[in-house]
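Participant: the following block contains a protein sequence and its predicted model.
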Amino acid sequence: MAEVSNESSNENDLIPEINSDENASHPIPEPKSRPDLTKSVLFHGVTYLGSTSVATPRSEEELNKNMAILNEQSKMNIDVTLCVPDNADGVVRLLDPQTEGEISSYLVSQIIFCARGPSNSPLACCWAFTTSRRSTSINQNLNGKTQQEILYQCQIFRCENQDAIYRILLSFSNAFRRTTNNPPSNARRTTSLISHAIQATVSQLQQQTSLNGSQSSATQQQVFDGAIKFRCFFDIKEENIDSKGNLTFNSVSRPEKNVFNLRKNHRKSVSVILQQIRGTPMNIDRCFGLLLAQGRNVRASDMQLLDLETMGKGDDARSYVVRGYWNPLSRAFKDLIHLNEETPKGARVFFTVGLDIVINGISEPVRFLIEAKARIIETSRSNDTTSQDIGDTIWSSFKKVTQFTEEFDMIVKQVSPTSSHPDQIYEVVSLESKTEAERRSKLQRLSSTIPTNKTAGDDDESDEMIISGFGHVSKECDADVLNNWNEILMKWRKNYSERPSGLQNLVRKGVPEALRGEVWQLLAGSVTNEKEMIDTYRLLLTKESSSDRIIINDLNRTFPAHEYFKEQGGIGQESLYKLSRAYSVRDDEVGYCQGVSFVIATILIHMPEEQAFMLLCKLMEDERYLLREMYKANFENLQMKFYQLNCLIEEHLPDIYAHFYDLKVECHMFASQWFLTLFTAKFPLYLVFRIMDIFLYEGFTAIFAVALALLKCNQKDLLSLDFEGVMRFFRVSLPRKYLCEDHADELIQAACSTKLNLKKLKRYGTEFFARRAEEEQKQTPLQRLEVDNKRLTESCMRSEFENEMLALELVNDRIKLKERVHQAEDQIENLTQELDATKYIVRQSEELAIRLNEQLQNVREAFRDTCDELQQAQKSIYDYKQICSQLNNQLDKHKEKYVQKMDYIQANCCESCKTLIYSPSPTNLSTPDGETSTETNFSSIIPIDIANRLHRVEIELAEKKLALTQALCDNQELTRRLQRSTSNVSDSDTISVNSMRSTGSWLSKTVNSIKEAANSSNRTKVN
């Protein structure tokens, strides 16, 4: 059991108790300001089991007992975040993982003992520390003095990660032996228990690692976890000058979770703490840079580098701390004007902080981007804010805002080192913050599915429409064409306001795909005022748009066949969303129109989003294009263009005009999508890009020319079709025809050869408005209402038809979805039953294994006790044999001496004495048995003391042999019992039985000798 004792704690300096009924140590009152956790180590995944009173705060046995009780019976089980300071003057805090609010806190100086449960036991995942406090009850000692009773309490926790428990104990030991200001002498002493505890814990972990290392080394590739999670703590501090003139940095207030209140023209300190919380451990080597930018989704070139103050690993070796310095008045940050200008009331400004981290094993630095909002406040000379909201002023002192956190999910894969990067082990596949993931999921949740590409009620393959964004455009180009464009561009770059000669022929032949991005910008004239437009775009991204939902719904419908826009929530859809949203904020009158997303997507394929925004503004607002007039809410300009096209058809294609007139085919039925999307919605990309080339060069007249060319090239087919055939031809057959690039080139040449009179177009437009005015004047109010009613009725019927088709698709999708849900539920139910059955089998197996282990342990203990008794009995037998052997030797010696004396007497005495000595005794003759005993003759001659001594020895020997016999009988009974209960230790039983058999013969001899000794004793008593 690893333990850490705090020898710097003073048990007499205790926290007073306020409520005697408390069951937990008294928490420190929560400070008014947010606690600073930068000098503390945070541990997540900790469960608080509860607290209990203890009598001996440094007793391991009592702590183990309390751990076992609360681990099995505790009903609290509160998930907490443990905050351990790095010095003895700090405070241990228990925080709420969700709100990060403080639940309880304990001074380090009041913590007496810290220990963990025994390893290889259910308590291995538990640990606890003891605290002391004074009770309100007062006792009186023998001297008559009153003193308060000291109470000790044990706070018990559980953590499934045993490596985290080791780090927690290590953090406690560091806090116990570190002080900040002049620690006392006893606090400077480092207890030996700390080093022993750390060494014991480290050795346990090393043993576990060594045991698991041999098993995991062979399957290291399979065990590798590429999903890594980081948690980032972000804080901003501003300089303050107190009443004494001291310069300090204090954390800025946050009226909302992700909004910082920043003061204008104040220097700031930015601190970022990065900590890995899941996945394969990654070792952070250093910080490559701390960067700042205004707005979100910014480019790398827009970020400004902050001056680094400090950087390094935290005390727990798992977190990395970086602090940077930001002076808004510095020349380096003059471009970040929106982060140093007062924001309007209720407005917020986005900003992004980038952290470039060098990780061992990864060749390139990894950039972590933190997005937040700021509210810039103007300050007066007295440092009082002059533009605060009333709500913030009133409620700021009552709000409790947790520390700003951001989580990052990083996916890495293992790679082989190369010659250029010999130390590279991993490669970053993706890195996404929690904010980005939530925004992406929101886009996916709100986005509608891509509409079907087949017409309703028609299953013929010939009716399959081309998906927007379909087609491949080759980037290959002849060297002569590239040389010609190179000469044109060199002249053009010198003077943007004047188009070079020969440009028209090159544009009509087609702009090379590799040069389209630059050429389109030059054709539209969007290269001027680049810096101002980019700043405007970034500012627009920070504002809210009322068209968000409509934009999101159109994302999946725009160029779903193109690789750049195919992925839901991908880079292409994100750029399309941002660009559409920015322009909807810029032009309130137009807002967002569904056709403009296809134009934006066409532009985004060839250039970054900032340059695409500049080109889009030109297309909308330049007098050559004026697309915004067509997208206005009443679509009056679009109706005028339909009238102009109708007049052009009557002038250039009278046969088609007459045919359409007979069929009641109007221009808005087929040309509305052409004009609103500039032919980008349904035609192949090769033709779309060629149309955009001549449109940007010539203006909107090119759209009329392409429309006339389409009708002229397909006049024969159109004249042979009825109304439904004409509608199907425009919807399906016409776009499919231009999948061939040769047909597309012929169409562009036909469009370029079509001569349109601009004066006539203007006259047609004037006629349209004049006729509209005359019709409005001629119409009575009732007629106007009838016309409006008819128009609205037709629109309603079309909407109802579309609604029915969508409802039918929705019903079919719901049916399919229900079938899938039922299948999934059935599969879940089967898997749940299998899981329950498997759990039941595993539970029974575990219980059986536990019972068998208990029985085996009992049998082993009984066998061990029996073997000990057998060894003691064998030892006693051996001692008895030694005593008997000694007594027999002594008896033999006495007999020899007796024989020698008798021989001596026989040799030296006279005949009369011999006759007296060797004459038969009358008592022998009167023996009932008629036996002659030499022992009786000997006893008459042996001295009495020797005879008595010999008699005592024989009696003692007989008693010992009786005791030995009883012990052997008991031993045999125990052996038989052991044989019945331990079938699995037959070898040991065999040894015991053999030992018993070897002593069987000796036992019979011993019994016979006991009988002889008893007979001789009886005879002696008779004599």
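Facilitator: Now that the structure is in, tell me what you want to look at.
Participant: quick one: residue 323 is in a helix?
Facilitator: No: counting by DSSP: H, G, I helix; E, B strand; the rest coil, residue 323 is located in no helix; its state is strand.
Participant: ok, it to residue 330 distance?
Facilitator: 17 Å (Cβ to Cβ, to the nearest Å). For glycine as for every other residue, the C-beta is placed from the backbone atoms N, C-alpha and C.
Participant: these two: which is more packed in?
Facilitator: Neighbours were counted for residue 323 and for residue 330 using other Cβ atoms under 10 Å; residue 323 has more, 22 against 13.
Participant: quick check: the more buried one touching residue 307?
Facilitator: No: Residue 323 is not in contact with residue 307 according to Cβ atoms under 8 Å; the separation is 9.9 Å.
Participant: quick one: buried residues of stretch 628-646?
Facilitator: Within stretch 628-646, the residues that count as buried by 16 or more other Cβ atoms under 10 Å are 628-631, 635, 637-646.
Participant: just give me the least confident of those.
Facilitator: In this model, the minimum pLDDT among the buried residues of stretch 628-646 belongs to residue 635 (84).
Participant: spatially central residue for the protein, please.
Facilitator: The C-alpha lying nearest the average C-alpha coordinate of the chain belongs to residue 229 (Cα atoms, centre = their mean; 4.1 Å).
Participant: of all the residues in stretch 64-75, which ones are buried?
Facilitator: By neighbour count on 16+ other Cβ under 10 Å, the buried set for stretch 64-75 is 64, 66-68, 70-71, 74.
Participant: how about a markdown table for those, with pLDDT, distance to residue 866 and secondary structure added?
Facilitator: Converted to a markdown table, the buried residues of stretch 64-75 look like this (pLDDT from 0 to 100; distance: Cβ to Cβ, whole Å; DSSP: H, G, I helix; E, B strand; the rest coil):
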| residue | pLDDT | distance to residue 866 | secondary structure |
| --- | --- | --- | --- |
| 64 | 85 | 32 | helix |
| 66 | 86 | 37 | helix |
| 67 | 87 | 36 | helix |
| 68 | 86 | 32 | helix |
| 70 | 85 | 40 | helix |
| 71 | 84 | 37 | helix |
| 74 | 67 | 42 | coil |
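Participant: which single one of those residues is nearest to residue 666?
Facilitator: residue 74 (78.7 Å; Cβ to Cβ).
Participant: so which residues of the stretch 301-450 of the chain form helices?
Facilitator: Along the stretch 301-450 of the chain, counting by DSSP state H, counting those that start in this stretch, helices occupy 390-395, 434-446.
Participant: if you average pLDDT over each of these, which is lowest?
Facilitator: Averaging pLDDT over each of the helices of the stretch 301-450 of the chain puts helix 390-395 lowest, since it has a mean of 41.
Participant: and residue 408, what are its bridge partners?
Facilitator: Taking DSSP bridges, one obtains residue 230, residue 433 as the residues bridged to residue 408.
Participant: could you give the average pLDDT over stretch 484-502?
Facilitator: Per-residue pLDDT over stretch 484-502 has a mean of 89.
Participant: what residues does residue 619 make contact with?
Facilitator: 524, 599, 625, 627 (Cβ atoms under 8 Å, 6 or more residues apart in numbering).
Participant: how about residue 747, what does it touch?
Facilitator: Contacts for residue 747 were tallied using Cβ under 8 Å, 6+ apart; they are 687, 706, 709-710, 713, 738.
Participant: which two in those residues are spaced the farthest apart?
Facilitator: Farthest apart among the contacts of residue 747 by Cβ to Cβ are 687 and 713. That separation is 12.1 Å.
Participant: and those two? Which one has more around it.
Facilitator: residue 687 (25 against 17).
Participant: how near is residue 905 to residue 899?
Facilitator: Taking Cβ to Cβ, one finds residue 905 at 11 Å from residue 899.
Participant: cool, residue 295 as well?
Facilitator: Separation of residue 295 from residue 899 (Cβ to Cβ): 128 Å.
Participant: one more: residue 955?
Facilitator: 25 Å.
Participant: how many neighbours does residue 51 have?
Facilitator: When counting by other Cβ under 10 Å, one arrives at 21 neighbours for residue 51.
Participant: mind checking the SS state of it?
Facilitator: strand.
Participant: model confidence score at it, please.
Facilitator: Looking at residue 51, its pLDDT reads 86.
Participant: equivalent analysis for residue 203, please.
Facilitator: 49.
Participant: same deal with the one 10 residues further on?
Facilitator: The predicted structure scores residue 213 at 44 on the pLDDT scale.
Participant: next one: the one 5 residues further on
Facilitator: On pLDDT, residue 218 comes in at 38.
Participant: next one: residue 144
Facilitator: The predicted local confidence for residue 144 is 56.
Participant: try the one 5 residues further on
Facilitator: Per-residue pLDDT puts residue 149 at 70.
Participant: burial of it, as a residue count?
Facilitator: 12.
Participant: for it, what is the enclosing helix or strand?
Facilitator: Per DSSP states H and E, residue 149 falls inside strand 146-158.
Participant: quick one: name whatever helix or strand follows that strand.
Facilitator: Remark: after strand 146-158, the chain's next helix or strand is helix 162-177, criterion DSSP H and E.
Participant: now the angle between strand 146-158 and that following helix, please.
Facilitator: Helix 162-177 and strand 146-158 are oriented at 150 degrees to each other (axes from the mean of the first three to the mean of the last three Cα atoms, to 10 degrees).
Participant: how does this protein divide into domains?
Facilitator: 40-137+148-176, 227-379+397-438, 490-633, 635-757 (the TED database).
Participant: and residue 769, which of those is closest to it?
Facilitator: domain 635-757 (7.1 Å).
Participant: how long is that closest one end to end?
Facilitator: 24 Å (Cα to Cα, to the nearest Å).
Participant: distance from the chain centre to it, please.
Facilitator: Here domain 635-757 is found 55 Å from its chain centre; the criterion is Cα atoms, centre = their mean, to the nearest Å.
Participant: what's the answer for stretch 544-562, then?
Facilitator: A distance of 31 Å separates the C-alpha centroid of stretch 544-562 from that of its chain, computed with Cα atoms, centre = their mean.
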